[in-house]
Every structure is written in C-alpha cells, then in structure tokens.
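In: just need the structure, nothing else, for what follows:
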Amino acid sequence: MNKVYLGIIAILVIIIVAGVYKFMIAGSGLKSTDGRVTLQLEPGERDLVLTEMRGFLLSVQQIVKGASENDMKLVAEYARKAGRAAQADVPPSLMGKLPIEFKQLGFDTHSKFDQLAMDASELGDANHVLTELTTLMNNCVACHASYRIDPVPQPGK
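Out: Numbers count the residues shown, from 1 in each chain. Presented below is the predicted three-dimensional model:
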C-alpha cells in the first residue's frame, strides 16, 4: 500500500514541477503572421513592457548624448535607470507568461546597462561607452526581430 501512495505522490510532484516550469519559467508565445513570436498580454502587462522599452530608448538617447559631450555622469545615470533595478516593478504573473528566451534577453539587457554605468563611472571613456552600447543594442534588435506584443484577444471582438 505504501508503494502505491509513494507512486501517486511521485506522479503529483512531477505534474507540479512540470506545471511550474511551463507557467513560471518557460512561458509561452504564439507564432505570428510575420514570423515573430507573439506575446499575448493583458493591457496593463503590455503597457508595462512597452513603457520599459520606451525607458530603454530614453536611456540610449541620453547615453549617446552623454558620450558625445564626454559627460560620463549623464551616461552612468541613465544606464543605471535601465539596469537591473528597473526589473523590480515586473510582477511575477507577467514573468510567468514570458518565454524563457525573452526573459534571458531582458535580464542580459538590464545587466549590460549596469555594466555600462559602472564602466562609464570607472573608465570615463566615451568610445568604450559607445562600443558597449552597440553590443547592448544588439539585444534590442534581436528582441524586436523575434517578438511582438499583442493584447489578449477579447471575446466577441
């Protein structure tokens, strides 16, 4: 009898682990008509992700401005704004919906902004900043080439 219970428990644990992986780690997406993966998000979730991307764009613009004026304080300030600290506002429910590759790109992008801020402060080299920014922006290009964010279809619309 104990073997039957242990077997049932083992099966339930496997189902729970698979569910956690699928819904919290792996996330999901659908193939879109343009070849990218569509992330279907609720309006508030979509707004949050798009707001974060506009924040990236503002930071990039200010970093370029700072590098062109050799103002490493400006570079570091705006790079930090887009760094890992900016991830704090993302709710776990949203993180669970995003595909693992999207999350990896996002985490790497935030880390690269933090590294850029640190290097701008420590090295003060505008050319180095622009080289790092070029590498960082490869993530932006890869993300936009791979994903699109659409609202969840509403019933009856």
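
In: how far away is the residue nearest to residue 30 when sequence neighbours are not counted from residue 147?
Out: Leaving aside its sequence neighbours, residue 30 sits nearest to residue 38 (C-beta to C-beta, 6 or more residues apart in numbering; 4.7 Å). All C-beta spots, glycine's among them, are computed from the backbone N, C-alpha and C. For residue 38, the distance to residue 147 (C-beta to C-beta, to the nearest Å) stands at 8 Å.

In: residue 36 now?
Out: Residue 36 is 6 Å from residue 147, by C-beta to C-beta.

In: returning to that earlier point: which neighbours do residue 38 and residue 147 share?
Out: Residues touching both residue 38 and residue 147 (C-beta atoms under 8 Å, 6 or more residues apart in numbering) are residue 29.

In: so for the two, which sits in the more crowded spot?
Out: Neighbour count, other C-beta atoms under 10 Å: between residue 38 and residue 147, residue 147 has more, with 19 against 15.

In: helices or strands up against the lowest-mean-pLDDT helix or strand in the chain?
Out: Among the helical and strand segments of the chain, the one scoring lowest on mean pLDDT, DSSP states H and E is helix 2-20, with a mean of 70. Applying 3 or more C-beta pairs under 8 Å, 6 or more residues apart in numbering; DSSP states H and E, we find helix 2-20 packed against no helix or strand.
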